[in-house]
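Q: Just to be clear, the model below is a prediction. Sequence and coordinates:
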Amino acid sequence: MSMQDPSAAEPVQVFEDGSGDRFLIYGVDDGARVEIRFDGDALWMSQAQIASLFGRDVSVISRHIAAILEEGELGDAADLHFLQIKGPADRTVRAYSLDMVISVGYRVSSAQATLFRRWATAVLIRFATRGFVVEAERMKAGGEQDRIRELRDIIRDIRSEEANLYAEIRQICSLC
């Protein structure tokens, strides 16, 4: 099965609002769009957001989550979080980790879930074949200085190891 280059139409964008909060927007060509806020480095989504993401009813998402937990695919403690929603009537909303969202996405049957799986699989294939995945446009857009520094440090470490290897080879060759 041949896949289109997913970088041609990345459905995921990360933005930062004026307060410094980061949020991710997942959008597809048919106009469906879901905004997910970060809590630190973790993404958390309510069942309603997951339902919107995959174009299904909340009850369908709830059944998939129950099956994932029952089968032990994921554990409840690490994949469940409670968010405080501020407004006229403050309330607490149960939110699920990105791991849970991905697991649900691979179970749900809908056109939007299929698009999500194609995108997620393409990213995984890039990682498996290249050993890394970089969203160049996201890095160029700015606001990712910590990630750029992290990437620079990783590259520096790789180059350092490479330089050490060449030094060892030169030393071995000098003994011949």
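A: Okay, I see it.
Q: remind me which residues of this structure are low pLDDT?
A: 1-35, 37, 40, 142-144 (pLDDT under 70).
Q: residues contacting the most centrally placed residue in it?
A: In the chain, the C-alpha closest to the average C-alpha coordinate belongs to residue 98, at a distance of 6.8 Å (CA atoms, centre = their mean). Applying CB atoms under 8 Å, 6 or more residues apart in numbering, one finds that residue 98 lies in contact with 42-45. Heads up, the C-betas are built off the backbone N, CA and C, glycines and all.
Q: What of residue 148?
A: For residue 148, the contacting residues are residue 139, by CB under 8 Å, 6+ apart.
Q: secondary structure class for it?
A: Put simply, residue 148 is helix when judged by DSSP: H, G, I helix; E, B strand; the rest coil.
Q: any idea how far residue 161 is from it?
A: Per CB to CB, to the nearest Å, residue 148 is found 21 Å from residue 161.
Q: Next: residue 63.
A: Taken as CB to CB, the span from residue 63 to residue 161 is 48 Å.
Q: rewinding a little: from the contacts of residue 98, list just the buried residues.
A: In the contacts of residue 98, burial by neighbour count holds for 43-45, counting by 16 or more other CB atoms under 10 Å.
Q: Show only the entries of the residues you listed found in helices.
A: Among the buried ones among the contacts of residue 98, no residue falls in helices (DSSP state H).
Q: Pick out whichever of those residues sits closest to residue 135.
A: Checking these against residue 135 by CB to CB gives residue 43 as the nearest, at 14.9 Å.
Q: quick revisit: could you check which of residue 63 and residue 161 is surrounded by more residues?
A: Taking other CB atoms under 10 Å, residue 63 and residue 161 do not tie; residue 63 has more neighbours (14 against 10).
Q: For that one, I want the exact helix or strand it lies within.
A: Secondary structure assignment for residue 63, by DSSP states H and E: helix 58-70.
Q: CA-only coordinates of that helix, as PDB, when you get a sec.
A: The C-alpha atoms that make up helix 58-70 are tabulated as PDB, following Å, rounded to 0.1, in the frame of the first residue of the first chain:
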ATOM      1  CA  VAL A  58     -19.500  10.500  23.100                       C
ATOM      2  CA  SER A  59     -21.100   7.100  24.000                       C
ATOM      3  CA  VAL A  60     -19.000   5.400  21.300                       C
ATOM      4  CA  ILE A  61     -15.900   6.900  22.700                       C
ATOM      5  CA  SER A  62     -16.900   5.900  26.300                       C
ATOM      6  CA  ARG A  63     -17.300   2.300  25.200                       C
ATOM      7  CA  HIS A  64     -13.900   2.200  23.500                       C
ATOM      8  CA  ILE A  65     -12.300   3.800  26.600                       C
ATOM      9  CA  ALA A  66     -14.000   1.200  28.900                       C
ATOM     10  CA  ALA A  67     -12.700  -1.600  26.600                       C
ATOM     11  CA  ILE A  68      -9.200  -0.200  26.500                       C
ATOM     12  CA  LEU A  69      -9.100  -0.100  30.300                       C
ATOM     13  CA  GLU A  70     -10.800  -3.500  30.800                       C
END
